[in-house]
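K.L.:
Pasting the sequence and the predicted coordinates here, then a few questions.
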Amino acid sequence: MRNVLFLSMAMLVVMVTNGCTKKTPVQETPTATVKVEAASKEKPPEVLSEVKVPVAEVKAEIKEVVKEAVPTEPAKDAKVEMIPLPLELPKPMFVGTPENLAGIENLEADSKKPRAPFYVPQGTKNLSLNKTVSSSEMDPITGTVDMIVDGNKEATEGSVVELGPFEQWVVIDLEDEYELYAIVFWHFHKTARVYHDVVVQISTDSEFITDVATLFNNDMDNSLGLGVGQDKHYIDKAKGRLVDAKGTKARYVRLWSQANNQNDYSHYVEVEVYGR
Ligand SMILES: [Ca+2]
Ligand SMILES: [Ca+2]
C-alpha cells in the first residue's frame, strides 16, 4: 500500500513538471549581429568585434536613418528646363535707312543682327492671344483694340491699330495670374519709327494702384508722371521689342506711348505676353 502511494505521488510530480514545461516555453529575445568597425577614411572598414543587439533596436535605428534621408518637400532649387522663347517673327517690311532720327536723345545703336535666343522655363506660352483689351482710346482712328492681340503681327495694310495723339495706353487682361517671362510688342514696323514715352507695366491690380512692376520706361523727362525712364529709345522693327518680365506674377499688362518721330499718333500691330 505504501509502495503504491509513493508510486502515485512520484507520477503526479512528473505530470505536474511536464505540464508546467509545456505551458510556459522559454522565449528567447531575437538578436542581430552588429559589426563594430574602425572608422577610417582611406581604408575599407575593419571589423573589430561583433555584438548581439536586439532586432527591435536595429530596426529602430534603420527607421531613423530612412526618415532623415527622405526630404519632406521638393528641393527649392530643383532645375526647371529652360527653352528658347517660342516666338515667331513677322515678315520684315522695312528696308533702307531710318529717317528723321536727328535730335532723338538716348537712342540705342541700330542693330541688323537677329535677337539672341531668349530663354524661358518650359511650358511658357503666349497668354495674351484673343484676351480682352481696354484702352485710353476705345474708338481708335483705324482698327479696333482687339486687333492688338489677334495673332496678326504683319505690317500690312489694315493690320495696324492707330490711337489718337497725346499719351495713350492699352491694358491686356490675361484673366488669371501667371508667372510672366517676356512681353513682346510691335508698334509699327512698315517704316522704321521711334516711339516716345514707351512704358511697359504689369500688375495683379486692374487699376495699377498697388503691386505694379515697371519693366520698361524710356520716358526720360517723366512727362507721363510714372517716373523718369532709364531705358533707351529704339527703332521699331519686325523683330519687335522684347522686355524681360523675370517670372513676376501678374494678370494685367499695360503699355504706354506718346507719338513717334514721324507723327503724333500711337500705334500697335501686336502685343504678346509670354508666361505660364
Ligand atoms: Ca494684330
Ligand atoms: Ca516724355
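P.N.:
Done, it's in. Residues are numbered from 1 along each chain as shown. Ligands and ions are numbered 1, 2, ... in the order given.
K.L.:
where does the stretch 151-276 of the chain come near ligand 2, residue by residue?
P.N.:
197, 219, 221, 223 (C-beta under 5 Å from the ion). Using the backbone N, CA and C atoms, a C-beta is placed for each residue, glycine as well.
K.L.:
hang on, residue 171 in a strand?
P.N.:
Yes. Looking at residue 171 with DSSP: H, G, I helix; E, B strand; the rest coil, it is inside a strand.
K.L.:
got a list of what whatever residue of the stretch 51-200 of the chain ends up closest to ligand 2 touches?
P.N.:
Proximity to ligand 2, evaluated over the stretch 51-200 of the chain using C-beta to the ion, is greatest for residue 197 at 4.3 Å. Contact analysis of residue 197 by C-beta atoms under 8 Å, 6 or more residues apart in numbering lists 167, 218-219, 223-224, 229, 256-259.
K.L.:
just the residues you listed now: which is nearest ligand 1?
P.N.:
Checking the contacts of residue 197 one by one against ligand 1 (C-beta to the ion), the nearest turns out to be residue 257, at 15.7 Å.
K.L.:
per-residue pLDDT, that closest one?
P.N.:
With respect to pLDDT, residue 257 has a value of 98.
K.L.:
For it, give the beta-bridge partners.
P.N.:
On the basis of DSSP bridges, residue 257 is bridged to residue 168.
K.L.:
How about residue 233?
P.N.:
The partner residues for residue 233, given DSSP bridges, come to residue 107.
K.L.:
Return the residues of the stretch 101-250 of the chain in contact with ligand 1.
P.N.:
147, 150, 152.
K.L.:
Could you say which of the residues you listed is surrounded by the most neighbours?
P.N.:
In terms of neighbours by other C-beta atoms under 10 Å, these top out with residue 147 at 19 neighbours.
K.L.:
Next, the contact list for it, please.
P.N.:
Residue 147 makes contacts with 159, 161, 268, as judged by C-beta under 8 Å, 6+ apart.
K.L.:
residue ranges of the strands in the stretch 151-276 of the chain, please?
P.N.:
161-165, 168-186, 199-203, 212-217, 241-257, 265-268, 270-275 (DSSP state E, counting those that start in this stretch).
K.L.:
Please work out which residue of the stretch 151-276 of the chain is closest to ligand 2.
P.N.:
residue 223 (3.4 Å).
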